[in-house]
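Trainee: could you work out the structure for the sequence below:
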Amino acid sequence: MAAETTKMEAGGHLVPTTVRVWDPMVRVFHWSLLIAFVAAYVSGEEWEKLHVNIGYVVAGLVAFRLVWGLIGSKHARFNDFICRPSTIVAFLRDSVAMKARRYIGHNPAGGAMVIALLLAIIGISISGYMMGMDAFWGEQWVQNLHEVLVNLTIGLVVLHIAGVIFASFEHKENLIKSMFTGKKRG
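Mentor: Here you go, the predicted structure:
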């Protein structure tokens with residue numbers, strides 16, 4: 001984490017007041033995926049060709065994120081935020097009590113949400129692709145799966161936003177702003 005600004009602490013030590021957390025690739029991915037998902041949702045019933053093309057953009061964004069999760073910056077890498085289920089449960093328990101540890105990168109619940117969202121969107125992409133294949137053309141179960149995964153993803157997005165707002169309140173920092181600037185309090 002590169003320090004952005006510093007302040008003088010007792011004893012004459014300089015300490016960072018902000019640190020770079022979210023690299024530009026993570027931020028562009030995050031907001032591009034949001035825009036593409038909304039566009040795909042809005043175009044789903046009325047503009048099939050546009051919907052399909054946006055679906056390919058979404059799949060490409062997710063493929064990029066999977067690679068970036070292996071080779072990207074420290075807080076972009078999966079090994080920085082994938083936690084054991086017991087760690088996630090303990091973090092959620094502490095959050096409810098308003099005494100959860102603050103993380104510079106994703107907290108355990110946020111890391112779990114990243115994985116859940118990626119898996120759901122991968123499922124949407126695969127089922128959407130299957131709907132255009134001769135082998136699955138007109139198969140109702142594929143269409144149903146696609147719709148269920150879309151609705152599940154919307155639910156996950158709502159939980160994600162609620163978690164970001166809650167964590168921002170709990171730790172007195174603007175996490176939404178940090179996803180635009182890439183910086184958080186040190």
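Trainee: got a pLDDT number for the residue nearest to the spatial centre of the chain?
Mentor: For the chain, the residue nearest the mean C-alpha position is Val114 (4.3 Å; CA atoms, centre = their mean). With respect to pLDDT, Val114 scores 96.
Trainee: how much space between it and Ile82?
Mentor: Applying CB to CB, to the nearest Å, the value for Val114 to Ile82 is 9 Å. Any C-beta I mention is one placed from the backbone N, CA and C, and that applies to glycine too.
Trainee: next one: Arg185
Mentor: 24 Å.
Trainee: then Arg93?
Mentor: 19 Å.
Trainee: who's more crowded, the two?
Mentor: Neighbour totals were compared for Arg93 and Ile82, and Ile82 leads with 16 against 11 (other CB atoms under 10 Å).
Trainee: that one contacts Met113, correct?
Mentor: No. With contacts counted by CB atoms under 8 Å, Ile82 stays clear of Met113, the gap being 11.5 Å.
Trainee: circling back to that earlier point, now the residue nearest to the centre of the chain: which helix or strand?
Mentor: helix 108-131 (DSSP states H and E).
Trainee: same question for Val19.
Mentor: Judged by DSSP H and E, Val19 forms part of strand 13-20.
Trainee: low pLDDT regions in the protein?
Mentor: 1-16 (pLDDT under 70).
Trainee: in it, which spans are helices?
Mentor: 24-43, 48-71, 78-81, 85-96, 108-131, 140-171, 175-181 (DSSP state H).
Trainee: any chance of CSV for the ones you listed, columns distance to Thr17?
Mentor: Formatted as CSV, these follow (distance: least, CB to CB, whole Å):
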stretch, distance to Thr17
helix 24-43, 20
helix 48-71, 27
helix 78-81, 22
helix 85-96, 25
helix 108-131, 22
helix 140-171, 15
helix 175-181, 13
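Trainee: thank you kindly, that will do.
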